[in-house]
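Trainee: A predicted structure for the sequence below; I have some questions about it.
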Amino acid sequence: MTESLESWNAPNRMLFGWGAVSELGSYITELGAEHPFLVTDEGVLAAGVLDPIDESLSAAGLDYEVWSGVRPDPTDEVVHAAADAYAAAGSDLIVGVGGGSSMDTAKAASILATNDGHILEFAGSGNVPTPTPPSVYVPTTAGTGSEVGHWAVVTDSDTAIKEEIGDPHLLADLAVVDPELTASAPAPVKAATGMDVLTHAVEAYVSIKAQSPTSALALDSIEKVGAHLPRAVEYRGEDREALTKMARASMQAGMAFNGAGLGAVHALSHQVGATFGVPHGLVNAIILPYVMEYNLPQVPDLMVDVAAALGEDVDRAKPADVEGRKAVAAVRRLGDAVRIPGTLAETDAERAATSRLAEQALDDGSLTGNPRTTDAADLERILERAFDGELAHVDD
């Protein structure tokens, strides 16, 4: 009998470091492109984050187009608008600049550049038949890790359900991670996206599809977030180390879950975010400790590892199911430290929708990595606890 095979994809090339975007123009020239198409949002433009990219592309003599129509949790309509603009511009390379929504929009639009049909027809894994145009992804938050992954999430404008599209064709030809670009993000954004990094890392680490390289990347990311997120949130122009460590943690966590998958946190947060417009990282941050507590009986030893990575004093001679609770408590404290709301009741999410959201989450692809088997009733209870702020075994 053949052993199960491991599969793990990564971008063709990665460039990491403070000021890295200054080299973007020369790298795009190396890719043979002449007319890059930049996909971003109005917030990135207004913050001046695109300025060093403009300088680099102009210095390289590139004729480029900027499309700033990205919206949070991009819908199929937004994606098709981006694809139409790409075609009208006669571009030959796509650049996603911004948070996860910008990169998801760019990835999805790149599919339509070379494949006919509606974007949601490509939902699932491995359903993109024709290679996409060359692509470059440049994150402006330390959060999604989308720049190093082969997944895009698109919201169905008719059903408000998030659909996942995964394919190796969506991997970047170049991922440019410049921590300096994350400096201007407001503190609440840094907090929510940073907790998103933690969620990616924790879910990848305990996933049933974890592999030794993904676990190593995930655990190191957990340690970096625990040590540097509060400092990054409070950044005032001096602590470059904190931003750099968080940018690296985000990239590593993205690579980790790209191979190991995710779990129930993302399965639930996709539903809450699409239905009520609550930012993805914020929902993840609130739900994470409740899912960790739910999964603890299935993976107690792994939760002890998470606790240790977050700086907890763990005693491995004691029962793992007891020591593993320290991981849940540590995540809760970290969220408090960066002023994450403690409950879903403090967001625009509505408690009356928990049953429907739980049913929808059962069909979310992220759930396949969760270490503990779930049903709709389990997921509904997790959401109820997240609304109430009740953790069974953790002292606040």
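Mentor: Done, it's in. Residues are numbered from 1 along each chain as shown.
Trainee: next, count neighbours for the nearest residue to Thr343 once chain neighbours are set aside.
Mentor: Nearest residue to Thr343, sequence neighbours excluded (CB to CB, 6 or more residues apart in numbering): Gly389, at 4.1 Å. Heads up, the C-betas are built off the backbone N, CA and C, glycines and all. Applying other CB atoms under 10 Å, we find 17 residues neighbouring Gly389.
Trainee: contact partners for Gly389?
Mentor: 342-343, 345 (CB atoms under 8 Å, 6 or more residues apart in numbering).
Trainee: of the residues you listed - the most surrounded one?
Mentor: Busiest of the contacts of Gly389 [other CB under 10 Å] is Gly342, holding 16 neighbours.
Trainee: tell me the secondary structure at that residue.
Mentor: Classification of Gly342 by DSSP: H, G, I helix; E, B strand; the rest coil places it in coil.
Trainee: so it touches Asp336, yeah?
Mentor: Yes - with contact defined as CB atoms under 8 Å, Gly342 reaches Asp336; the gap is 7.2 Å.
Trainee: Provide a list of residues in contact with the residue nearest to His200 when sequence neighbours are not counted.
Mentor: Of all residues not flanking His200 in the chain, Ala253 sits nearest, at 3.9 Å (CB to CB, 6+ apart). Contacts for Ala253 (CB under 8 Å, 6+ apart) come out as 145, 197-198, 200-201, 204, 217-218, 221.
Trainee: at 6 Å instead, please
Mentor: For Ala253, the contacting residues are 145, 197, 200-201, 221, by CB atoms under 6 Å, 6 or more residues apart in numbering.
Trainee: can you say which helix or strand has it in it?
Mentor: For Ala253, the host element (DSSP states H and E) is helix 240-260.
Trainee: next, the angle from whichever helix or strand comes after that helix to helix 240-260.
Mentor: Proceeding N to C from helix 240-260, the next assigned helix or strand is helix 264-276, under DSSP H and E. Angle between the axes of helix 264-276 and helix 240-260 is 100 degrees (criterion: axes from the mean of the first three to the mean of the last three CA atoms, to 10 degrees).
Trainee: after helix 264-276, next one along is what?
Mentor: Counting by DSSP H and E, the element after helix 264-276 in chain order, helix or strand, is helix 280-295.
Trainee: on contacts alone, who are the packing partners of that next one?
Mentor: For helix 280-295, the packing partners by 3 or more CB pairs under 6 Å, 6 or more residues apart in numbering; DSSP states H and E come out as helix 187-206, helix 264-276, helix 325-337, helix 376-388.
Trainee: what residues does it touch?
Mentor: Contacts with helix 280-295, where a contact means CB under 6 Å, 6+ apart, come from 143, 192-193, 195-196, 199, 264-265, 268-269, 272-273, 328, 331-332, 335, 340, 344, 371-372, 382, 385-386, 391.
Trainee: which SS class is the residue lying closest to Ala185 once chain neighbours are set aside?
Mentor: Nearest residue to Ala185 in three dimensions, chain neighbours excluded: Thr141, at 5.6 Å (CB to CB, 6+ apart). In three-state terms, and counting by three-state DSSP, Thr141 is coil.
Trainee: strands of the stretch 51-200 of the chain, residue ranges please.
Mentor: Using DSSP state E, counting those that start in this stretch, the strands assigned to the stretch 51-200 of the chain run over residues 65-67, 93-98, 124-125, 135-139, 151-155, 162-166, 174-177.
Trainee: which of those sits closest to Ala106?
Mentor: Distance to Ala106, taken as CB to CB, is lowest for strand 93-98 among those, at 3.1 Å.
Trainee: so where's the protein uncertain?
Mentor: 1-8, 393-396 (pLDDT under 70).
Trainee: which residue lies nearest the spatial centre of it?
Mentor: Centroid-nearest residue in the chain: Thr144, 2.4 Å away (criterion: CA atoms, centre = their mean).
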